[in-house]
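> Fold the following.
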Amino acid sequence: MKRISVVVPMRNEADILERCLSAMEELDYPGELFEVVIVNDGSTDNTAELVKNRNWSFNYQYIETDGVGVSKARDIGFRRAKGDFIAFTDADCVVERDWLLRLSEPFDVDVAAVGGPNLTPEDDVPFARCVGLALSFLSRPGARYAYEGDTVREIHHNPTCNVMYRKEVLEEVNGFNHDLITTDDEELDYRIRKRGYRIIYTPHARVKHYRRPNWKKFIKMAYNYGLGRMQSTRLHPEMGRWFHFAPVILIVTIIGLLVLSVFSNIFLTFLVILAIAYLLGTLLVSILYTRSSECSSLKFFSLINLWIFLYGVGMIRGVFS
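Residues are numbered from 1 along each chain as shown. Predicted structure coming up:
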């Protein structure tokens, strides 16, 4: 069996951290073959006390950093790790008992990483469950953040809330790119695949991922993901896909029609038609997508439109960042 180090970066996650670490105690994997590397990245809450004052049943290393950012925290964690394989998850995630076993199964000679789905917990707050539903919908064109495929297959990326890498491959590509505000994990996977390695998705290695619990955190997330997406696309143009640019195209088209409407009413007509078609389309999708959900259509409608707008604004900002 594989020697595995689970790296968990965290910053001010004390409210939900115990759920994450308690799940590590329940892992169905030989205790002598795995450790947990806890990286406390400058927390100002009682994270340190929570970790240190309890006798956790698993082997662990505890590392404190001075708010270096999640990308550097992950790098510090995996470089200090003792395992030959590095599993990443986040402090707001709860892994299932067979998580490490399931991540281990698909590894082959040319496989560098294996990841799985991150699902919204049933006990998450109602707003967060609605966020999870919106992210699941937004992942349908091909994004991987909330992807929920049902077959083992090769893909281009697994989010770092649920993935395992060969440590030697992480070292070979020199870890994460700390200049990216987000998408650093996808950019890492891009460089790994350029070396000829494969990345595998398995639906059987599952984690529960607690979502953004309020509007403020959701708004920040949407903007930062757009900003990071443009940063990584500027670095590697091949990483950009059509659905990444759709929000930017929409925003630029609206602004262009507004400017042109000063010179001719025909452009104002086009703008009105576009706005009505877009709003009716997203409203219809919201109604259909929430039929069997407790999430209201109006809230879902607001979430996906906020994401599209703020993601697009973030990408535009990323052109100059």
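> Checking my notes, Trp27 in a strand, right?
I think there's a mix-up here, since residue 27 is Leu and not Trp. No: read with DSSP: H, G, I helix; E, B strand; the rest coil, Leu27 is coil and lies in no strand.
> does the residue lying closest to it once chain neighbours are set aside count as helix, strand or coil?
Counting by C-beta to C-beta, 6 or more residues apart in numbering, Leu27 lies nearest to Leu100, which is 5.9 Å off, once chain neighbours are set aside. Heads up, the C-betas are built off the backbone N, CA and C, glycines and all. Each residue gets one of three states, and Leu100 gets helix by three-state DSSP.
> partners of whichever helix or strand Ala113 is part of, with directions?
Per DSSP states H and E: Ala113 is located in strand 111-115. Using DSSP bridges, the strands paired with strand 111-115 are strand 163-166 (antiparallel), strand 198-201 (parallel).
> what about the residue nearest to Leu27, neighbour count?
24 (other C-beta atoms under 10 Å).
> ok so, going back, helix or strand next in line after the strand holding Ala113, which one?
Immediately after strand 111-115, counting by DSSP H and E, sits strand 118-119.
> Could you list every helix and strand that that following strand packs against?
strand 207-209 (3 or more C-beta pairs under 8 Å, 6 or more residues apart in numbering; DSSP states H and E).
> Partner strands of the strand it packs on and their direction?
Checking strand 207-209 against DSSP bridges gives partners strand 93-95 (antiparallel), strand 118-119 (parallel).
> So what touches it?
89-90, 92-96, 99, 116-121, 132, 161-162 (C-beta atoms under 8 Å, 6 or more residues apart in numbering).
> Stretch 266-284: how far from the chain's middle?
Computed by C-alpha atoms, centre = their mean, to the nearest Å, the chain-centroid distance of stretch 266-284 equals 31 Å.
> still on that earlier bit, and the strands paired with strand 207-209, which one is worst for confidence?
Lowest mean pLDDT of the strands paired with strand 207-209: strand 118-119, a mean of 94.
> Show residues contacting the helix or strand that comes right after that strand.
Going down the chain from strand 118-119, the next helix or strand is helix 126-138, by DSSP H and E. Residues outside helix 126-138 that contact it (C-beta under 8 Å, 6+ apart): 119-120, 122, 124, 145-146, 148, 209-215, 218, 285, 289-290, 293-296, 299-300, 303-304, 307.
> Just the ones in strands from those residues, please.
119, 209 (DSSP state E).
> Buried ones among the contacts of helix 126-138?
By neighbour count, with 16 or more other C-beta atoms under 10 Å, these hold 119-120, 124, 145-146, 209-213, 218, 289-290, 295, 299-300, 303-304, 307 as buried.
> shaky segments in the stretch 1-150 of the chain?
142-144, 146 (pLDDT under 70).
> What sits closest to Val70 if chain neighbours are left out?
Pro9 (5.1 Å).
> For that neighbour, list each beta-bridge partner.
Val39.
> give the contact list for Leu271.
254, 257-258, 261.
> buried ones in the helix or strand containing it?
Assigned by DSSP H and E, Leu271 belongs to helix 265-289. Buried residues in helix 265-289, counted by 16+ other C-beta under 10 Å: 267, 270-271, 282, 286, 289.
> Which of those residues sits closest to Gly318?
Thr282 (23.8 Å; C-beta to C-beta).
> Confirm for me that that closest one is in contact with Leu303.
No: using C-beta atoms under 8 Å as the test, Thr282 is too far from Leu303 to be in contact (10.5 Å).
> which residue ranges form the helices in the stretch 101-250 of the chain?
126-138, 167-172, 184-194, 215-235, 242-260 (DSSP state H, counting those that start in this stretch).
> Of all the ones you listed, which one is nearest Thr47?
Nearest of these (C-beta to C-beta): helix 215-235, 17.9 Å.
> Could you check how far that closest one is from the centre of its chain?
Worked out by C-alpha atoms, centre = their mean, helix 215-235 lies 11 Å from the chain centre.
> and that helix with helix 242-260, angle?
Using axes from the mean of the first three to the mean of the last three C-alpha atoms, to 10 degrees, one finds that helix 215-235 and helix 242-260 are set 100 degrees apart in direction.
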